[in-house]
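Participant: below are the sequence and a predicted model; questions follow.
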Amino acid sequence: MGLTRARRTLFAMICAVAVAGVYAAQPVLAQIGTDLGVPQAHLGWIVAAGQLGYLAGLAVLVPLGDMVDRRTLIAGHLALTAAGAASRSGWLW
């Protein structure tokens, strides 16, 4: 299974979308700060928290991919993400 040009392009787009999520808050920091009541001096921590979470995910999930079946790992990760999103939206409790 060689890396064709189409497959490389697909992988590049997936990486771009994944990393873009870390920086997506930057253009709207002022609105986020207003909505959350965060002073302007601390707005940088909103983006920093996302970057730290991304770093923690890389530090934990990448080694787990070598130790655990990847399909199980992906299914568990998606289940935790869905549970977190549901609890945030009030669907669970």
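Facilitator: Everything's here; your move.
Participant: from here on, contacts and neighbour counts on C-alpha atoms
Facilitator: Will do.
Participant: which of the residues in the lengthiest helix in the chain are buried?
Facilitator: Under DSSP state H, the helix in the chain containing the largest number of residues is helix 44-67. Residues of helix 44-67 classed as buried under the neighbour-count rule (16 or more other C-alpha atoms under 10 Å) are 46, 47, 50, 51, 54, 61.
Participant: remind me what the host helix or strand of residue 15 packs against, helices and strands.
Facilitator: According to DSSP states H and E, residue 15 maps onto helix 5-23. Contact analysis of helix 5-23 by 3 or more C-alpha pairs under 8 Å, 6 or more residues apart in numbering; DSSP states H and E lists helix 44-67 as its packing neighbours.
Participant: now the angle from the helix it packs on to helix 5-23?
Facilitator: Using axes from the mean of the first three to the mean of the last three C-alpha atoms, to 10 degrees, the inter-axis angle of helix 44-67 relative to helix 5-23 is 140 degrees.
Participant: what's in contact with helix 44-67?
Facilitator: With C-alpha atoms under 8 Å, 6 or more residues apart in numbering as the contact definition, helix 44-67 has outside contacts at 22, 23, 25, 26, 29, 73.
Participant: point out the least confident one among those.
Facilitator: Of all the contacts of helix 44-67, residue 22 carries the smallest pLDDT score, 76.
Participant: for it, list the residues it contacts.
Facilitator: Under the criterion of C-alpha under 8 Å, 6+ apart, the contact partners of residue 22 comprise 47, 50, 51, 54.
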